[in-house]
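Undergrad: Sharing a sequence plus its predicted fold:
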Amino acid sequence: MIIVMKPNANKSSVKEIIDIVENKGLQVHLSEGSEVIIIGVIGDKSKLVNSNLELLEGVDKIVPVTESYKLANKKFNAEPSIIQVGNVQIGGNKLIMIAGPCAIESEEQIYESARAVKQAGAQILRGGAYKPRTSPYSFQGLGEEGLKMMAAAKKETGLAAVCEVTSLEAVETAVKYVDMLQVGARNMQNFYLLKEVGKTNIPVMLKRGLSATIDEWLNAAEYIMSEGNSNVILCERGVRTFETSTRNTLDISAIPVIREKSHLPIIIDPSHASGRRSYIEPLSKASIAAGADGLMIEVHPNPANALSDGPQSLTPKAFTALCENLRPYGKLAGKDF
């Protein structure tokens, strides 16, 4: 449930309600918007049956929250969240470009990628050091050595950095080198991993699962947020359907649905959604038009020789052209890029 305060409610009224709720053994999430204060109550609301909160000074109304996710719910936080990732903000009126190779393969490769995407206009460098692959014989990543290479490239270019994590060990290592952790689609409902990234103090990009509903996706975000980490960015990367023309089916409708249901920013990954570089630009344009906060694009200096996801990776030249072509679309959508 949420308790909506009157516009003129004073701090003492808010504190009185928070004290009552917490004394009942429930958790409180306070959202102070520009016009209204909302007190979110997390836990068994039956403990408040005889509290008559609606009669207290400053209370406007009490609204039940029927969804199982609370902290990720727009009802708990009416203002869209803006997440700080290194020196970059995700959300608001900015269009963020995250770019780089699927997997870190060598020092030369990640340096060349970082310089190229920085010059083209990207703000965040992506690169995988831990790769959960369908086949156990595929390249699995360089682990901490790859992260050290990424950290050096990050330092040279000034880019923020994001890397996928697949285990507690990977989390404990990655937090030393990157500005944002990524939970991949295959781990969206790895609840142990979600809790562990929730215990960190750095942002988490949560990819939608292969066949996950939006409510399941938001509940996965709730696992992270319930551990104290509210810095969650959602990433739509396509869902598995009957269609075989593309690697996955990009759910553009997820953008307005998330806007209606949650305050969390949403990034679109057209590279994994399509699996083909020729589809990245039109899907990127559609994502911007639908209101995405940013895009994550795979870029590799030599896609033909990439150890992972070469067919969906752009060359630095192609990525530069993509950024130029997307700028007018960002402007039309009210996004500064």
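TA: Good, I have the coordinates. Numbers count the residues shown, from 1 in each chain.

Undergrad: dump the residue contacts of the residue most central in space within the chain.
TA: Closest to where the C-alpha atoms of the chain average out (C-alpha atoms, centre = their mean) is residue 233, at 1.9 Å. Listed by C-beta atoms under 8 Å, 6 or more residues apart in numbering, the contact set of residue 233 reads 83, 85, 90, 180, 203-206, 264-267, 293. Placement of C-beta: from N, CA and C, glycine included.

Undergrad: Packing partners of the helix or strand bottoming out on mean pLDDT in the chain?
TA: Lowest on mean pLDDT, DSSP states H and E among the helices and strands of the chain sits strand 27-32, with a mean of 82. Counting by 3 or more C-beta pairs under 8 Å, 6 or more residues apart in numbering; DSSP states H and E, the packing neighbours recorded for strand 27-32 are helix 11-23, strand 37-42.

Undergrad: wait, which of these is closest to residue 148?
TA: Relative to residue 148, the nearest member of the helices and strands packed on strand 27-32 by C-beta to C-beta is strand 37-42, separated by 39.4 Å.

Undergrad: Off-centre distance for whichever helix or strand comes after the closest one?
TA: Counting by DSSP states H and E, the next helix or strand C-terminal to strand 37-42 is strand 59-63. Distance of strand 59-63 from the chain centroid (C-alpha atoms, centre = their mean, to the nearest Å) equals 31 Å.

Undergrad: Likewise for stretch 150-158?
TA: That offset, for stretch 150-158, works out to 22 Å (C-alpha atoms, centre = their mean).

Undergrad: just stretch 266-285 next, same as before
TA: What separates the centre of stretch 266-285 from the centre of its chain is 16 Å, taken as C-alpha atoms, centre = their mean.

Undergrad: just the strands in this protein please.
TA: Taking DSSP state E to define them, one finds strands in the chain at 2-5, 27-32, 37-42, 59-63, 83-85, 88-90, 96-100, 124-126, 160-164, 180-183, 204-207, 232-236, 266-268, 294-298.

Undergrad: and those as JSON lines, adding distance to residue 52?
TA: JSON lines is the format used below for these (distance: least, C-beta to C-beta, whole Å):
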{"stretch": "strand 2-5", "distance to residue 52": "12"}
{"stretch": "strand 27-32", "distance to residue 52": "18"}
{"stretch": "strand 37-42", "distance to residue 52": "14"}
{"stretch": "strand 59-63", "distance to residue 52": "10"}
{"stretch": "strand 83-85", "distance to residue 52": "37"}
{"stretch": "strand 88-90", "distance to residue 52": "41"}
{"stretch": "strand 96-100", "distance to residue 52": "46"}
{"stretch": "strand 124-126", "distance to residue 52": "49"}
{"stretch": "strand 160-164", "distance to residue 52": "47"}
{"stretch": "strand 180-183", "distance to residue 52": "42"}
{"stretch": "strand 204-207", "distance to residue 52": "38"}
{"stretch": "strand 232-236", "distance to residue 52": "34"}
{"stretch": "strand 266-268", "distance to residue 52": "39"}
{"stretch": "strand 294-298", "distance to residue 52": "45"}
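
Undergrad: can you list the residues that contact stretch 328-337?
TA: Everything outside stretch 328-337 that qualifies as a contact, by C-beta under 8 Å, 6+ apart, is 93-95, 97, 121, 284-285, 288-289, 291, 293, 323, 326-327.

Undergrad: hmm, back to that, what's the least confident stretch among the strands of the chain?
TA: Per-segment mean pLDDT for the strands of the chain reaches its minimum on strand 27-32, at a mean of 82.
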